[in-house]
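# I would like the atomic coordinates for the input below:
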Amino acid sequence: MAPDHLISLDELKTLAAASGAVRQACACALDGYRGWARIPPDFPQAQMRTVGTLMADPYAEPTYAEYHPHGTNYWSPEAPIALRHFPYNRCAVQQCTVCGRAALTYVEAGGYYVEPRLRALDAALIVDMPAPD
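Model (predicted):
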């Protein structure tokens with residue numbers, strides 16, 4: 001798949017299920033990133049490949065509305081992965097070429113900084129919710 005390939009809900013769920021089944025230890029340690037985290041400087045980015053994107057239209061400004069129906073927040077490991085909500089609507093999907101685990105990545109851009117972040121895919125947390133109005 002190309003890095004600009006729009007990943008469907010079904011593709012994401014399949015990739016997440018395969019990722020969750022991986023049991024081998026790996027330098028990527030993606031299984032330890034259950035919630036959003038800053039990508040550490042020593043992260044083995046060279047062994048990651050971009051599978052596709054969740055950004056439907058790169059020219060449209062996606063919503064900043066988050067989806068937390070059960071009291072979770074952005075940082076919660078239990079927060080739902082709602083594709084049409086922030087920050088998932090800005091994510092690339094990457095996969096480790098060594099172990100096969102997959103993660104969501106995006107760049108958080110603040111007023112004076114940029115911070116690349118990642119979160120491991122978890123099939124149980126993926127939800128199909130419509131974009132907010």
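# now do the strands in the chain.
Under the criterion DSSP state E, the chain contains strands at 37-38, 48-53, 81-82, 92-96, 102-109, 114-120, 126-127.
# nearest to residue 61, out of these?
Of all those, strand 102-109 sits nearest to residue 61, with 12.9 Å by C-beta to C-beta. Yep, even glycine has a C-beta here, placed from its N, CA and C like the rest.
# what's the average pLDDT for that closest one?
Averaged over strand 102-109, pLDDT sits at 95.
# confirm for me that residue 12 is in contact with residue 125.
No. Residue 12 is not in contact with residue 125 according to C-beta atoms under 8 Å; the separation is 10.9 Å.
# neighbour count winner among these two?
Neighbour totals were compared for residue 12 and residue 125, and residue 12 leads with 24 against 18 (other C-beta atoms under 10 Å).
# ok, the more buried one - contacts?
54, 83, 93, 121, 126 (C-beta atoms under 8 Å, 6 or more residues apart in numbering).
# show me the contacts for residue 20.
121-123.
# one more pass at 7 Å, please.
122-123 (C-beta atoms under 7 Å, 6 or more residues apart in numbering).
# what's the answer for residue 44, then?
So residue 44 contacts 27-28 (C-beta under 7 Å, 6+ apart).
# can you tell me how far it is from residue 126?
Residue 44 sits at a distance of 25 Å from residue 126 (criterion: C-beta to C-beta, to the nearest Å).
# what's the burial count for residue 8?
12.
# over to residue 81?
Neighbours of residue 81 (other C-beta under 10 Å): 21.
# beta partners of the residue nearest in space to the middle of the chain?
By C-alpha atoms, centre = their mean, the chain has its centre lying nearest to residue 104, at 1.8 Å. Counting by DSSP bridges, residue 104 forms beta bridges with residue 93, residue 119.
# so it makes contact with residue 93?
Yes. If you go by C-beta atoms under 7 Å, residue 104 and residue 93 touch, sitting 6.1 Å apart.
# stretch 96-109: end-to-end distance?
25 Å (C-alpha to C-alpha, to the nearest Å).
# ok, residues contacting it?
Applying C-beta under 7 Å, 6+ apart, the set of residues contacting stretch 96-109 is 15-16, 18-19, 22, 24, 26, 28, 30-31, 33, 47-49, 51, 87-88, 90-95, 114-121.
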